[in-house]
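Chemist: sequence and computational prediction follow.
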Amino acid sequence: QVQLVESGGGLVQAGGSLRLSCAASGRTFSSDAMGWFRQAPGKEREFVAAITRRAGRTYHANSVKGRFTISRDNAKNTVYLQMNSLKPEDTAVYYCAASKDGLRISVHSYEYDYWGQGTQVTVSS
């Protein structure tokens, strides 16, 4: 059974930093592309960042480019999202997701096969 477990969320002031982690089990982690999405109250889930299976390529949404960085450690079966210069509009539940197509960078949630339960990030002004 595939499990993705996010951690690292919390409350932070604007301008601060957080690092989210997503630990994977139940699959060959290094075969999967990974993504981060977020969903704010009353809004649709939106793409944040993605990384291919061996970290050869990454892609970040324009809204977070230059502030957030996705990375992965295949030896630890973990994907990270380093979030700097946080803004109140970054407040959301953040989800990690795995795609069995390890070479594809996708911004569409329906192209991911497995999801974590989410971790709350709250940025105060």
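Modeler: Nice, thanks for sending it over.
Chemist: what values do phi and psi take at the residue nearest to residue 38 when sequence neighbours are not counted?
Modeler: Distances taken as CB to CB, 6 or more residues apart in numbering place residue 92 nearest to residue 38, at 3.8 Å, with adjacent residues excluded. (Each C-beta comes from the backbone N, C-alpha and C, glycine too.) When read as degrees, to the nearest 10, the backbone of residue 92 gives phi -180, psi 170.
Chemist: residues contacting residue 92?
Modeler: Residues near residue 92 by CB atoms under 8 Å, 6 or more residues apart in numbering: 38-40, 43, 120-121.
Chemist: top of these by neighbour count?
Modeler: Among those, the one with the most neighbours (other CB atoms under 10 Å) is residue 38, at 24 neighbours.
Chemist: read off the pLDDT value for that residue.
Modeler: The confidence metric pLDDT takes the value 98 at residue 38.
Chemist: separation between it and residue 75?
Modeler: According to CB to CB, to the nearest Å, residue 38 and residue 75 sit 27 Å apart.
Chemist: can you pull out the low-pLDDT segments for this protein?
Modeler: For the chain, no stretch is flagged by pLDDT under 70.
Chemist: list the contacts of residue 18.
Modeler: 8-10, 12, 83, 86, 121.
Chemist: kindly state the beta-bridge partners for it.
Modeler: According to DSSP bridges, the residues that bridge with residue 18 are residue 83.
Chemist: same question, the one 4 residues further on
Modeler: Going by DSSP bridges, residue 22 is paired in beta bridges with residue 6, residue 79.
Chemist: surely residue 79 touches residue 24?
Modeler: Yes - if you go by CB atoms under 8 Å, residue 79 and residue 24 touch, sitting 7.4 Å apart.
Chemist: shared neighbours, those two?
Modeler: Common neighbours of residue 79 and residue 24 (CB under 8 Å, 6+ apart) are residue 34.
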